[in-house]
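S.K.: Got a sequence here, can you build the structure:
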Amino acid sequence: MHDALLARFVRTFQQAIREEMAAMRERLGSFEVPLRAGSTLGVDSDGGRDGERDGERGGYRFELAGPADKLMVGMDCSLRIAGAEHLVSIDSLERASLVLRASRRIAIGAGDAVLVVYPWFLYERLAARLGELHGDRHQVERALTLFGKLPHARTRSQLVLDHPELNESQRRAVELCSDSSLAFLWGPPGTGKTLTMAHVVEELLAQGKRLLVLSTTHAAVDQALAQMAARPSIAAAIERGELLRLGHTEADTHGAGAREVLGRLHGGFASIIGRARSRLRALEAPMRRMHELEARLREGPDGGQTSLFDRGGDDGLRAPELFELFGRAHATRIAARPRPLQAVLLSRRATRFRRLHALLLARIASANRELASREARLVTDARAVLTTLTAAYFSPPLDGQRFDVVLVDEASMAVLPSLFYAACLAREKTLMVGDPRQLPPIVQSSSPFVRQAMGRSIFEVTVPEPETSDVVVMLDTQYRMHPEIGDLVSRLFYSSRLRHGAGTEARGAIAARAPYPGRALVVVDTGGRTRCATRPGSFSRINEDSAALCARLAADALAAGITSIAVITPYADQAREIKKQLDRLGGAVAQVECSTVHRFQGHERDMVIFDTVDAPPLRPGVLLSGRGEDSHAANLINVSLSRARGKLIVVSDVDHFRALAPQSLVNSLNASGTRALPPPRSPG
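M.R.: All right, here's what the predicted structure looks like:
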């Protein structure tokens, strides 16, 4: 019925993805995950021997020696080891280790290696999955409704649960998500978006719905899960294995991780695998020793091959060399035998070891196959599944799964093709949670076509005027920021619609501390005292004096007892310079967090220092002063300011912005905060 419309969407998205992948190859390259302590598993998933000859799939286990949040089961990567690269796929992924599969044998040596990951690989999979969409197998109507091509339906009904702890706007959001086939939950900073989302999930579960809850990052999934696990009914669902968290994470999964649920419900298989792996590890040293001794016996005393007619003697194996393999008594008897007979006895023992090794590997493979089968059944039986948007089109356990409701957190940051695919998994409704006034999706391509097809927020596409849309509820009470900071954020970005919830007055205790005690919002005017520049080959900006000033302000705050501090800047080079200045001060100051704005979305700190960087001789950059439909300067500034709970310090050359970028929102900041001069430099 909607085949032509679906085909048009798919063609557009696939073309945009191809262009974005080309930009990623040019601008990003690959990233690397260090591995260590490698070992050969030697049996493929079908339980047969492998690694013996080319063409058989080899299995290799490594410990993770670096962050693995971007890795996924099934991902194709390159394993770099001993100066060579090998194509591998990720077979399984646990908290501290992974298993790789290869089509050919890999000599892993001592085991340290590097996994090379190509980030555009996930987009290849997304483009392929979009091409598989079909009206008979997918809920295409839900995607077309999400993108405004079909009307939504709304049926008003009573909520099953009471939700007494929610404020009025939060309750209205739960009601909209319950009643409508399409809903946008607009959550400005500090308004309890994640709490409200947990209530939405709890309500829909109570109504008997099956949910897929997605977000753009593992960290956001973890935050949502933590809030949900605090709800007694959801905690009970987790305990019963009805709510699953899929994907690799270092955070607490509150018992919802698939392997944790398998352990509770099917712990016998995990025990089998654990015991077999323990015995395999115990076999490694004796088998290496066996190979060494066999090699020695193949060589004669003069370095030539041993003859069958050798009489042995002093050049044979000594008893202590055989203790580990045969035990003392048997080793003593073997040591007295001629060399050829020693070789025969050693070969027999090696055959026994190899048979035991193969038996243990087969036992592990069989138990893993059964666990994988049961894990797939867990997903099928689950009433709620939490994972990332990427996993929705990539994770094998989700293949063929359909849900009554698909809810996407941080939806305003998600690329549009991934949302289109995710919506096709929803039978009844799609719910988008996010904030169109914060950061949009990140795309590498500068092509207007790609930015139109991938780089816009779903809010911008479907509800470009969210204040008046009947499928949008904005949460209107913020509980994070000091009222002075909250008023600024509300006025600049939310048409003064935000109110202050109970407890925000307590942020005054943070504002009372140095630097600038008693002030929650301060503009430190550098007034021509700093210089802005770019390094050769970089478009990013740096201001060394401004960086040093930010480091001193952070040190003053730490000395005054403020320990939760973030230094935020639009420019990556400036973030690196500030970190360098913090390191120079040493001590606890070196631990202060500093990064670009994108790293801080979804986080909050007691004090935020926002370094605008721009100063003569360069004009203010587009990141903070950009205008037009492709500019996201306002979103970037909003995120920077709204991370602060009790104290916000803006470092800015006030007259520079006023003269050369009069339209920039930075001028509104400069006019709103109490003006102050930079603190004096420390002696020496």
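S.K.: Just the buried positions in the worst-scoring helix or strand of the chain on mean pLDDT, please.
M.R.: For the chain, using mean pLDDT, DSSP states H and E, the weakest element among its helices and strands is helix 267-298, scoring a mean of 76. The neighbour-count check on helix 267-298 (16 or more other CB atoms under 10 Å) flags 269, 272-273, 276-277, 280, 283, 287, 290, 293, 296-297 as buried. Using the backbone N, CA and C atoms, a C-beta is placed for each residue, glycine as well.
S.K.: Over to stretch 665-681?
M.R.: 665-667, 669-670, 672-673, 678.
S.K.: Domain boundaries for the protein, per the record?
M.R.: For the chain, the structural domains run 30-118, 139-242+383-474, 268-372, 477-676, going by automatic domain parsing.
S.K.: Could you check those and tell me which one is nearest residue 5?
M.R.: domain 139-242+383-474 (6.2 Å; CB to CB).
S.K.: Quick check: mean pLDDT of that closest one?
M.R.: In this model, domain 139-242+383-474 has a mean pLDDT of 96.
S.K.: do stretch 535-545 as well
M.R.: 91.
S.K.: got it, and stretch 10-25?
M.R.: 96.
S.K.: Likewise for stretch 488-500?
M.R.: 96.
S.K.: which one's the longest helix in the chain?
M.R.: For the chain, the helix reaching the highest residue count under DSSP state H is reported as helix 339-381.
S.K.: Centre of the chain to that one, how far?
M.R.: 34 Å (CA atoms, centre = their mean, to the nearest Å).
S.K.: residue ranges for the strands of the stretch 301-450 of the chain, please.
M.R.: 384-388, 403-408, 426-434 (DSSP state E, counting those that start in this stretch).
S.K.: Could you provide the ones you listed in CSV, with additional columns for mean neighbour count and distance to residue 356?
M.R.: Shown next, in CSV, are these (neighbours: other CB atoms under 10 Å; distance: least, CB to CB, whole Å):
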stretch, mean neighbour count, distance to residue 356
strand 384-388, 25, 39
strand 403-408, 24, 46
strand 426-434, 24, 51
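S.K.: what's the residue nearest to residue 495 when sequence neighbours are not counted in contact with, if anything?
M.R.: Distances taken as CB to CB, 6 or more residues apart in numbering put residue 467 closest to residue 495, at 6.9 Å, once the chain neighbours are dropped. Residue 467 makes contact with 474, 495, 497, according to CB atoms under 8 Å, 6 or more residues apart in numbering.
S.K.: Could you check how far the residue nearest to residue 255 when sequence neighbours are not counted is from residue 261?
M.R.: Once flanking residues are discounted, residue 255 sits nearest to residue 238: 5.2 Å by CB to CB, 6+ apart. Residue 238 sits 8 Å away from residue 261, taking CB to CB, to the nearest Å as the criterion.
S.K.: what do you get for residue 524?
M.R.: 51 Å.
S.K.: for residue 594, same thing?
M.R.: Applying CB to CB to residue 594 and residue 261 gives a distance of 39 Å.
S.K.: next one: residue 546
M.R.: 50 Å.
S.K.: again with residue 209
M.R.: 20 Å.
S.K.: So for those two, which residue has more residues nearby?
M.R.: residue 261 (24 against 18; other CB atoms under 10 Å).
S.K.: Counting neighbours, what do you get for the closest residue to residue 413 other than its chain neighbours?
M.R.: In space, and not counting its chain neighbours, residue 413 is closest to residue 216: 5.0 Å by CB to CB, 6+ apart. Neighbour count of residue 216, defined by other CB under 10 Å: 24.
S.K.: And the one 5 residues further on, by the same measure?
M.R.: Counted by other CB under 10 Å, the residues lying close to residue 221 total 26.
S.K.: Now for it: which residues touch it?
M.R.: 213-215, 245, 247, 249, 386-388, 409.
S.K.: If we use 10 Å, what do you get?
M.R.: Going by CB atoms under 10 Å, 6 or more residues apart in numbering, residue 221 touches 213-215, 245-247, 249, 251, 253, 386-389, 391, 409-410.
S.K.: Now intersect those residues with the helices, please.
M.R.: 389, 391.
S.K.: wait, which of the contacts of residue 221 is closest to residue 428?
M.R.: Once CB to CB is applied, the member of the contacts of residue 221 that ends up nearest residue 428 is residue 213, at 14.7 Å.
S.K.: Confirm for me that the closest one is in contact with residue 406.
M.R.: Yes. The pair residue 213 and residue 406 passes the contact test of CB atoms under 10 Å, sitting 8.2 Å apart.
S.K.: Quick check: neighbours shared by these two?
M.R.: Joint contacts of residue 213 and residue 406 (CB under 10 Å, 6+ apart) are residue 431.
S.K.: where does the stretch 1-150 of the chain dip in pLDDT?
M.R.: Scanning the stretch 1-150 of the chain for pLDDT under 70 picks out 1, 42-58, 110-111.
S.K.: can you give me the strands in it?
M.R.: Counting by DSSP E, counting those that start in this stretch, the strands of the stretch 1-150 of the chain are 31-40, 58-64, 76-81, 84-93, 97-102, 113-117.
S.K.: Show me what the fifth one is packed up against.
M.R.: Counting contacts by 3 or more CB pairs under 10 Å, 6 or more residues apart in numbering; DSSP states H and E, strand 97-102 packs against strand 31-40, strand 58-64, strand 76-81, strand 84-93, strand 113-117.
S.K.: can you tell which of these is closest to residue 15?
M.R.: Proximity to residue 15 (CB to CB) singles out strand 76-81 among those, at 23.0 Å.
S.K.: in the closest one, what's buried?
M.R.: Buried residues in strand 76-81 (16+ other CB under 10 Å): 77, 79, 81.
S.K.: what's the answer for stretch 215-233, then?
M.R.: Of the residues in stretch 215-233, those buried (16+ other CB under 10 Å) are 215-225, 227-229, 231.
S.K.: Now do the closest residue to residue 323 other than its chain neighbours against residue 355, distance only.
M.R.: The shortest distance from residue 323 to any non-neighbouring residue, by CB to CB, 6+ apart, is to residue 331 (5.1 Å). According to CB to CB, residue 331 and residue 355 sit 21 Å apart.
S.K.: Neighbour count: those two, which is higher?
M.R.: More crowded of residue 331 and residue 355, by other CB under 10 Å: residue 331, with 18 against 10.
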